[in-house]
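> One predicted model, sequence on top.
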Amino acid sequence: MSIAKGSVPTPVTENPSAALYVTVRPEASKFPIGAKRVAMGDLPGFPAEVLLGQGDLYPEVQEAGGDVCSGPFVVSARLDGDGDANTRGEDDLVGRGSAPGCGSRGSVELQGRGAFGKLVTRKR
């Protein structure tokens, strides 16, 4: 999966705690089947290549077995400023893309949140 940072200036990438979160779900489902966290220090820069493998599948998906490779998939990515998956910052970069199936390449371009996204993530 190729992750590109759009042309959005942001201080989030200057924070050493920042992390890139990537989730994948079948297009026909609203439930993700796997995720990966990559610390900013482990990224060579952007665009970045992120590979999600068998070890990145959620345990319940691994236990259920079956064919998880039948795509297409929706791939979401978030460059999180504080590195905490449980928080959402108005300056986090977000993006969504698709991949046709396992072993295939997809791409996600990260952009700043829109007006609504900034409104609901603003610290009060």
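Here it is on my side, so go on. Numbers count the residues shown, from 1 in each chain.
> residues contacting Val38?
Val38 makes contacts with Ala19, Leu20, Val22, Ala48, Val50, as judged by CB atoms under 8 Å, 6 or more residues apart in numbering. Where C-beta positions appear, they are placed from N, C-alpha and C, glycine not excepted.
> Sorry, slip of the keys, the one I care about is Val24.
Counted by CB under 8 Å, 6+ apart, Val24 has contacts Pro32, Ile33, Gly34, Ala35, Leu52, Phe73, Val74, Val75, Ser76, Ala99.
> go with 6 Å
Counting by CB atoms under 6 Å, 6 or more residues apart in numbering, Val24 touches Gly34, Leu52, Phe73, Val75.
> so which strand or helix has it?
strand 19-26 (DSSP states H and E).
> Please tell me how far that strand is from the chain's geometric centre.
Relative to the mean C-alpha coordinate of its chain, strand 19-26 is positioned 3 Å out (CA atoms, centre = their mean, to the nearest Å).
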